[in-house]
Every structure is written in C-alpha cells, then in structure tokens.
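[1] make a model of this:
(one chain, ligands or ions: 1)
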Amino acid sequence: MTRRPLVAGNWKMNGLRAGLAELEAICAGYSGALKAKADFLICPPSTLVAEAAAKTAGKGVMIGGQDCHAKASGAHTGDVSAEMLKDAGARFVIVGHSERRADHAETDAIVRAKADAAWRAGLTAIVCVGERKEQREGGKALAAVREQLAGSIPEGASPDRLVVAYEPVWAIGTGLTPTPGDVAEMHASIRAGLGKRFGAKGEEMRILYGGSVKPQNARDLIIQPDVDGALIGGASLKAKDFLGIAAAYT
Ligand code: PEP
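    This next block holds a predicted model:
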C-alpha cells in the first residue's frame, strides 16, 4: 500500500500578511522530485487563509485552517466554522490539536463534532492525538492514544476525509522527540486501530508524526513504517526549514 506523504505546516498564532513571503518561498521550492513525491499543506491563522489560498492557487500547495466550530453558523463570537474556512479556500482543517485541548478544554467529544463539521463542509479533518509526558513515563502512551482515537474520530471516516496526526504533547515545541522506535510502535498501533474500525480503508489513511520535527531529525522520524508525513509547528514558519524537512522525501 503506498500512501502519498503529506508535509503539513501549522503556523499556530503566528503570521501577519507580510509573512506570506515565506509561503511564496515554500511554493517556489515545491517542484521537481518533491512535488512528485509529497503533498504540501500550510495552515496559517484564519486571518490569512483567504489570502494564502489566493497566493497558492495553481501552485499545488494546499491551505488549511487550524480549528473550526462544530456548528456551521450562529451566535459564537470569535469562532470560525468549517464552512467559512472552505469558503476562504481551505481544503483541510486541524482539529483536536493539544494546544486546543489544553487551552480550550476540548474533549474527545468536542473534537469528534469538529471533525464531523469539517466533513459536512467538504474539508479533510486532521485529527490530532498524543499522550502527555506522565502517560509516556507511566507506560500508558499506547492506551491513552487508543482511547483518544476512539473518542475523536466520527463514524464514516475515509482516507480522503481523515488524516490522523500523532503528536506527543511533551514533544510539541520542546525540541524533544520520541525515539524512532517509539514512533514506529505508536504508528503501528494507530494503524491497527484504524483497520479494526474502518477495515481496508484504514490502510489508506495517512498518519502524520508531529512534535519538534526539524530538518536534522526529519529523515529518522518519517522513514518509519506507517509514518505518512509530518505535522510541523515552529519549523514551518521558515520556508528553508519546511523545505529542509520535506527534502527527506527526495
Ligand atoms: C505542532 O504544533 O503541531 C507541532 C508539531 O509543533 P512543533 O513542530 O513546533 O513541535
């Protein structure tokens, strides 16, 4: 089974319009062997989604949102719906990022409703899961992620509507990463879970690794079996680093 890798950037709450020059540099670097081998996605803050989508049109780099509300519209001040992201040119939306789970008390049930909302709007949901430090240290990482997956992914998932991102909470923005062996073990466990629930379709679903991926460690992490790309935070803000990570696929 060959799954086309997805190299995805999460700009978080970073980026002004002037920062879109980095996106143009990413588009310029997305050519040749890289374009032949991997998909590129950048998720800027929602203020930049429309302009980013316009700038990347026809260049192959896709744009996504970082979160969406479960409802399509209504009295939810400050929130953005999946339909709005789609209308602005997004193709994907990240849901259940650990920063959303921590800062906004998002439960698995909320994440699941957001993934459903993404599908309703015609977006692909990137559902994030990942254990906390004490769960890893207590030998409970696999069980914790299994439970999050079961609770966060709605029924009816298909490979074109769902991407899973495994992001150990303790590795995000810290410079720490699991060993390549631990990554392989977790991805195999996630793959088995998807297979159990979605049958043969589970084989085709992409599972990304995220957490302190840098050009220096990318190759070791993403060549692991069942790792189908990366979700990149800090290093996606600079085109040189993002392209340096993606170069692991060439
Ligand atoms: C993220 O926020 O999804 C992430 C993986 O961040 P970083 O690459 O900075 O650890």
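[2] from here on, contacts and neighbour counts on C-alpha atoms
    OK.
[3] up against the ligand, what does this structure have?
    10, 171-173, 210-213, 231-234 (Cα under 6 Å from any ligand atom).
[4] so where's this protein uncertain?
    The chain contains residues with pLDDT under 70 at 1.
[5] quick one, strands of it?
    Secondary structure of the chain, counting by DSSP state E: strands at 6-10, 39-43, 61-65, 92-95, 124-129, 162-166, 206-210, 229-232.
[6] who does the longest one touch, helix- and strand-wise?
    Of the remaining helices and strands, those touching strand 124-129 by 3 or more Cα pairs under 8 Å, 6 or more residues apart in numbering; DSSP states H and E are strand 92-95, helix 108-121, helix 141-152, strand 162-166.
[7] can you list the strands that it pairs with?
    Sheet pairing here is set by DSSP bridges, and for strand 124-129 it gives strand 92-95 (parallel), strand 162-166 (parallel).
[8] and the contacts of the lengthiest helix in the chain?
    The residue-count maximum for a helix in the chain (DSSP state H) belongs to helix 180-198. Helix 180-198 has contacts (Cα atoms under 8 Å, 6 or more residues apart in numbering) with 142, 145-146, 149, 157-158, 166, 201-203, 207, 209, 220-221, 224-227.
[9] drop anything exposed from those residues.
    Taking 16 or more other Cα atoms under 10 Å as the criterion, what is buried in these is 142, 145-146, 149, 157, 166, 202-203, 207, 209, 221, 224, 226-227.
[10] list the contacts of stretch 167-176.
    With Cα under 8 Å, 6+ apart as the criterion, stretch 167-176 contacts 98, 128-133, 177-178, 209-212, 233-234.
[11] burial count for D103?
    Neighbourhood size, D103 [other Cα atoms under 10 Å]: 9.
[12] ok, it to S212 distance?
    20 Å (Cα to Cα, to the nearest Å).
[13] kindly report the same for G173.
    G173 is 6 Å from S212, by Cα to Cα.
[14] who's more crowded, these two?
    S212 (24 against 16).
[15] next, count neighbours for the closest residue to that one other than its chain neighbours.
    Closest residue to S212 apart from its sequence neighbours, by Cα to Cα, 6 or more residues apart in numbering: G175 at 5.1 Å. Residue crowding around G175 was assessed by other Cα under 10 Å; the count is 11.
[16] same check, this time on T2
    7.
[17] ok, now which ones touch it?
    E204.
[18] go on, A90?
    By Cα under 8 Å, 6+ apart, the neighbours of A90 are 49-50, 53, 62-65, 123.
[19] change it to 10 Å
    Taking Cα atoms under 10 Å, 6 or more residues apart in numbering, we find A90 in contact with 41-43, 46, 49-50, 52-53, 62-65, 82-84, 122-124.
[20] closest one of the buried ones among the contacts of helix 180-198 to the ligand?
    Nearest to the ligand among the buried ones among the contacts of helix 180-198 is Y209, at 7.9 Å by Cα to the nearest ligand atom.
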